[in-house]
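1. Sequence and predicted structure, then a few things I'm wondering about:
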Amino acid sequence: MTNPVTFSAALVIAKLACGKFFESSVGKLGEKFTEAALKKIDELYRIIREKLSVNRNTASTLTAIEQGKEEELQGLAVYLRDTMNADQEFADQVQVLAREIHAGKIQDNSQMLMNIDGTNNTGNQTKNDVTNQGGTNYIGVNTINNSYYQQP
């Protein structure tokens, strides 16, 4: 028997499959994923929809998501987790697709630049793209103390 699917893993998969329905994600998916991965995202959503829409509550959740209601993702994640834990074949199919989509993610290899404000000598440098499920993101803030030695 394999490990049960956690809520956080199901939520990541739900966000991946449904991202195209949310205004903040529209257009950005093409910047983050290859064309092959975008096709797999559509396939992942189709598979999830076919499997979960037999339940009336889940079908209404999927319809709400398709209308851009991002707050419904957590409910979908619960249904997805429960279904994946009950149907190993479905879970395997969804997990394989999710891995293939992740492999088609375009890496951001851009450089980061930190600007130091001379007023308070602090600078913020952030670049976050969480790829590990349940991991921690660390954001660095650097303070530069510019003190010099004065002779008496």
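-> In hand now; what should we look at?

2. and E50, how many neighbours?
-> Counted with other CB atoms under 10 Å, residues neighbouring E50 total 10. Bear in mind the C-beta positions are built from the backbone N, C-alpha and C, glycine included.

3. gap between it and T58?
-> In this structure, E50 and T58 are separated by 11 Å, where distance is defined by CB to CB, to the nearest Å.

4. element containing A37, please.
-> A37 is located in helix 35-52, with elements delineated by DSSP states H and E.

5. Name the residues that touch that helix?
-> Contacts of helix 35-52 with the rest of the structure, by CB atoms under 8 Å, 6 or more residues apart in numbering, involve 13-14, 16-20, 29-30, 33, 58-59, 62, 76, 79-80, 83, 87, 90, 93-94, 97-98, 100-101, 103-105.

6. outside of stretch 69-80, which residues touch it?
-> Residues outside stretch 69-80 that contact it (CB under 8 Å, 6+ apart) are 5, 7, 10-11, 13-15, 18, 22, 48, 52, 55, 57-58, 61-62, 64-65, 94.

7. ok, of those, which come out buried?
-> Applying 16 or more other CB atoms under 10 Å to the contacts of stretch 69-80, the neighbour count classes 5, 10-11, 13-14, 18, 48, 52, 58, 61-62, 64-65, 94 as buried.

8. Distance to I41 added to those residues, as CSV?
-> CSV is the format used below for these (distance: CB to CB, whole Å):
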residue, distance to I41
V5, 19
A10, 16
L11, 16
I13, 11
A14, 12
C18, 9
I48, 11
L52, 16
T58, 19
T61, 19
L62, 15
A64, 19
I65, 14
V94, 12
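
9. and the two most separated of those residues?
-> V5 and A64 (22.3 Å; CB to CB).

10. Tell me where this protein has strands.
-> Counting by DSSP state E, residue ranges of the strands within the chain are 122-125, 140-143.

11. least reliable of the ones you listed going by mean pLDDT?
-> Least confidently modelled of the strands of the chain is strand 140-143, at a mean of 52 by mean pLDDT.

12. what about this protein, any weak spots by pLDDT?
-> Judged against pLDDT under 70, the low-scoring parts of the chain cover residues 1-2, 23-30, 106-152.
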